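Chemist: Any chance you could fold what I've pasted below:
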Amino acid sequence: MEIKLLLIEEEGYVVSRLEELFGDFPELAVSRTGDAEEARLLLADNPYDIVITDIYVRGASGLELSHRALKTNPKCCVIVISGVDNEDLARNAVAEGAYDYVIKPPSLDKIASLLKLYLKFNR
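Modeler: From the prediction side, this is the model:
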């Protein structure tokens, strides 16, 4: 079963770290963009299973994009990543439907654990 994942991130080092991790999950079909408008189009046309988005994307907030993902697929697992270690932002992201809020640079172990948990309950 193919799991559709969308990565919305502009920072190259974060993208390369996560793409390396995604290679350990052959069931993931990964799409990637760092552009808010492209993300909106992708989310409108595709019910992604997992969305990993930066809290701040040029042209949009990660929370707006997570809303769009959840509107297309209410069961979507949204993971918000941020360079800002802010408890209020984290609480707000989770209250808005995000599964988790991860501080940059994202721990690959943390992201891997979240992906494994999703796959365990959604195969």
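
Chemist: starting at the chain centroid, how far to the helix ranked longest in the chain?
Modeler: Ranked by residue count, the top helix of the chain under DSSP state H comes out as helix 108-121. On the basis of C-alpha atoms, centre = their mean, to the nearest Å, helix 108-121 sits 12 Å off its chain's mean C-alpha point.

Chemist: how about that helix: buried residues?
Modeler: 111, 114-115, 118-119 (16 or more other C-beta atoms under 10 Å). The C-beta positions use only the backbone N, C-alpha and C, and glycine is treated the same way.

Chemist: same question, stretch 44-55
Modeler: Neighbour counts over stretch 44-55 (16+ other C-beta under 10 Å) mark 48-55 as buried.

Chemist: now swap in stretch 56-75 and tell me
Modeler: Residues of stretch 56-75 classed as buried by neighbour count (16+ other C-beta under 10 Å): 57, 60-66, 68-70, 72-73.

Chemist: rewinding a little: of the buried residues of helix 108-121, closest to residue 18?
Modeler: residue 111 (6.7 Å; C-beta to C-beta).

Chemist: The closest one - nearest residue in space that isn't next to it in sequence?
Modeler: Excluding its sequence neighbours, the residue lying closest to residue 111 (C-beta to C-beta, 6 or more residues apart in numbering) is residue 21, at 6.0 Å.

Chemist: All set, thanks.
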